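**Student:** Sequence and computational prediction follow.
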Amino acid sequence: MFNKNFSGKRLNLLKEAMQKSGFDCFVCIQNPNIQYLTANSKISNGGFVIFVPLNSQPTLLASRLEGERAKKEVKNVEVEVLGENEKFEDKISSKILEVKAEKVCFDSLTLPQLKTLRKKLSKVQFECKPEILLNLRKIKDFEEVKMLRKACRIADKAMKTAIEFLRAGVREYEVAAEAEYTMRRMGAEEVAFKTIVASGFRSSFPHAGNTNKKVRSGEAVVIDLGAKFLGYNSNLTRTVFVGKPANLQKKVYKTVLEAQTKALKNIRVGMVGWEADLLARKIVMEKGYGEYFIHGLGHGIGLEVHEPPTLSTKSKEKLEKMNVFTVEPGIYLPKKFGVRIEDTVLLTEDGLKPLTRYEKEFYQ
């Protein structure tokens with residue numbers, strides 16, 4: 001899928017940033033950036049570079065392996081296929097010479113690539129500034145929000161499936177399989193990341209994955225999942241209890257829910273990341289669990305699961321209208337259990353709008 005109008009707008013934003021920094025052209029190697037600029041989710045899995053001159057049209061450079069596919073599926077930029085035995089560095093060098101560029105920016109550049117380019121183009125100045133496109137991607141356009149909403153609806157449905165399937169005696173990977181099948185059936189091209197189903201003591205591991213461990217009655221179970229839809233990712237976490245939760249489990253759960261609710265109601269445009277983080281962290285600390293909240297409150301999400309802005313104790317990033325990020329406080333009691341509640345949200349002038357909407361309650 002591609003949208004020529006959104007691709008053109010994004011390319012214009014990049015060219016404005018290039019002009020401010022004095023770059024004659026921009027070379028995108030990172031897949032998410034190429035997908036962003038072409039507004040085409042099919043440009044993935046490597047084999048592509050997009051060359052963006054300041055004063056002429058961009059070109060998508062494709063490997064011989066991907067050339068025919070690119071010509072058929074990419075309609076909004078010109079496609080050039082590498083010749084036999086030609087490397088991307090060769091093609092990039094010829095394009096730089098063609099536009100007579102003096103200052104070139106890359107979103108990613110290895111030392112061997114830089115050395116090769118300098119041998120071919122000794123008078124050209126090269127810089128690597130991934131933040132240019134990351135900063136543009138922080139502000140989502142309406143097309144991106146549309147894709148993110150769909151990815152979040154898929155995640156909501158997958159969470160419902162997982163929780164309805166969850167019971168004592170099933171294995172963690174079985175719960176994950178049910179959720180992932182639902183996501184694929186609803187149109188997700190893949191899962192956004194390895195699905196987490198962490199039960200009992202494993203729920204105290206923030207990134208526990210899923211194993212063959214059997215779920216037992218009385219355990220907390222953290223389910224963290226996400227879908228990728230047309231390139232865009234969602235992220236949703238719920239903590240549920242198999243059987244009646246113990247008093248400590250209830251106390252920790254209510255603390256995390258209160259912390260998340262406080263943040264969801266009070267995060268506003270213009271805050272910086274650490275201020276947003278403190279809204280939730282202060283409640284967790286007041287309840288005596290501060291040392292067990294061991295990660296930031298949230299992270300930006302879009303074409304990548306983790307991208308700017310960051311909401312954490314040290315983040316000085318300003319939160320802006322049309323940012324999409326997660327809000328996910330958690331408490332992790334070693335060797336006992338953990339609780340995390342996470343939603344993907346859109347920041348507007350009126351505050352946060354939830355994109356994931358699955359209910360939050362005890363399951364007994």
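**Tutor:** It's in. Residues are numbered from 1 along each chain as shown.
**Student:** I'd like the distance between Val222 and Ser63.
**Tutor:** Summarising the geometry, the distance separating Val222 from Ser63, computed by CB to CB, to the nearest Å, is 41 Å. C-beta: built from backbone N, CA, C; applies to glycine.
**Student:** So the two - more neighbours on which side?
**Tutor:** When Val222 is set against Ser63 and neighbours are counted by other CB atoms under 10 Å, the residue ahead is Val222, at 26 against 17.
**Student:** any idea how far Tyr253 is from the more buried one?
**Tutor:** Taking CB to CB as the measure, Val222 and Tyr253 are separated by 11 Å.
**Student:** hey, what's in contact with both of the two?
**Tutor:** Contact criterion CB atoms under 8 Å, 6 or more residues apart in numbering; residues shared by Val222 and Tyr253: Thr239, Val339.
**Student:** for the protein, which residue is closest to the average position?
**Tutor:** When CA atoms, centre = their mean is applied to the chain, the residue found nearest the centroid is Val305 (2.0 Å).
**Student:** Per-residue pLDDT of it, please?
**Tutor:** Val305 carries a pLDDT value of 98.
**Student:** That one contacts Phe193, doesn't it?
**Tutor:** Yes - with contacts defined as CB atoms under 8 Å, Val305 counts as touching Phe193 at a distance of 5.4 Å.
**Student:** one step back: contacting residues around the residue nearest to the centre of the chain?
**Tutor:** Val305 is in contact with Ala192, Phe193, Gly226, Asn233, Asn235, His299, counting by CB under 8 Å, 6+ apart.
**Student:** What's the local residue count around the nearest residue to Arg153 once chain neighbours are set aside?
**Tutor:** In space, and not counting its chain neighbours, Arg153 is closest to Met186: 7.9 Å by CB to CB, 6 or more residues apart in numbering. Counted by other CB under 10 Å, the residues lying close to Met186 total 18.
**Student:** State the mean pLDDT of stretch 236-253.
**Tutor:** Averaging pLDDT along stretch 236-253 gives 96.
**Student:** start to end distance for that stretch?
**Tutor:** Distance between the boundary residues of stretch 236-253 (CA to CA, to the nearest Å) amounts to 16 Å.
**Student:** now do stretch 198-215
**Tutor:** End-to-end distance for stretch 198-215: 9 Å, by CA to CA.
**Student:** cool, and stretch 239-248?
**Tutor:** Across stretch 239-248, the terminal residues are separated by 14 Å (CA to CA).
**Student:** One more: stretch 327-334?
**Tutor:** End residues of stretch 327-334 are separated by 22 Å (CA to CA).
**Student:** for stretch 133-150, same thing?
**Tutor:** Chord length of stretch 133-150, first to last residue, is 24 Å (CA to CA).
**Student:** So for the longest helix anywhere in the chain, what gets flagged as buried?
**Tutor:** Longest among the helix segments of the chain by residue count, using DSSP state H, is helix 142-165. Within helix 142-165, the residues that qualify as buried by neighbour count (16 or more other CB atoms under 10 Å) are 143-145, 147-159, 161-163.
**Student:** Same check on stretch 73-92?
**Tutor:** Glu73, Val74, Asn76, Val77, Val79, Glu80, Val81, Leu82, Phe88, Glu89, Lys91, Ile92.
**Student:** Between those residues, which sits nearest Asn212?
**Tutor:** Glu73 (39.5 Å; CB to CB).
**Student:** Work out the gap between stretch 104-115 and the centre of the chain.
**Tutor:** 24 Å (CA atoms, centre = their mean, to the nearest Å).
**Student:** wait, Arg216 sits on Phe201?
**Tutor:** No - under the contact definition of CB under 8 Å, Arg216 does not touch Phe201, with a separation of 10.5 Å.
**Student:** Comparing the two, which residue is more hemmed in?
**Tutor:** Phe201 (17 against 13).
**Student:** my guess is the more buried one meets Tyr332, correct?
**Tutor:** No - at 10.4 Å, Phe201 does not count as touching Tyr332 under the criterion of CB under 8 Å.
**Student:** Okay, strands next: where are they in the stretch 101-250 of the chain?
**Tutor:** Using DSSP state E, counting those that start in this stretch, the strands of the stretch 101-250 of the chain run over 103-106, 125-128, 190-191, 196-199, 220-225, 227-229, 232-233, 236-241.
**Student:** Just list the residues touching Val74, thanks.
**Tutor:** By CB under 8 Å, 6+ apart, the contact list for Val74 reads Phe2, Thr38, Asn40, Lys42, Ile43, Leu60.
**Student:** Phi first, then psi, for it.
**Tutor:** For Val74, the backbone dihedrals (degrees, to the nearest 10) come out as phi -110, psi 120.
**Student:** pLDDT score for it?
**Tutor:** 82.
**Student:** okay, now the domains of the chain?
**Tutor:** The record's domain split for the chain, according to automatic domain parsing, is 4-137, 142-354.
**Student:** Next, the distance between the ends of the longest one.
**Tutor:** In domain 142-354, first residue to last residue: 15 Å (CA to CA).
**Student:** Please state the offset of that domain from the chain centre?
**Tutor:** Relative to its chain's centre, domain 142-354 lies at 13 Å (CA atoms, centre = their mean).
**Student:** out of the domains of the chain, which comes closest to Glu361?
**Tutor:** Glu361 lies closest to domain 142-354 among these, at 8.7 Å (CB to CB).
**Student:** Find me the pLDDT at the residue lying closest to Phe229 once chain neighbours are set aside, would you?
**Tutor:** Counting by CB to CB, 6+ apart, Ala151 is the residue found nearest to Phe229 once chain neighbours are left out, at 4.0 Å. Here, the pLDDT recorded for Ala151 equals 98.
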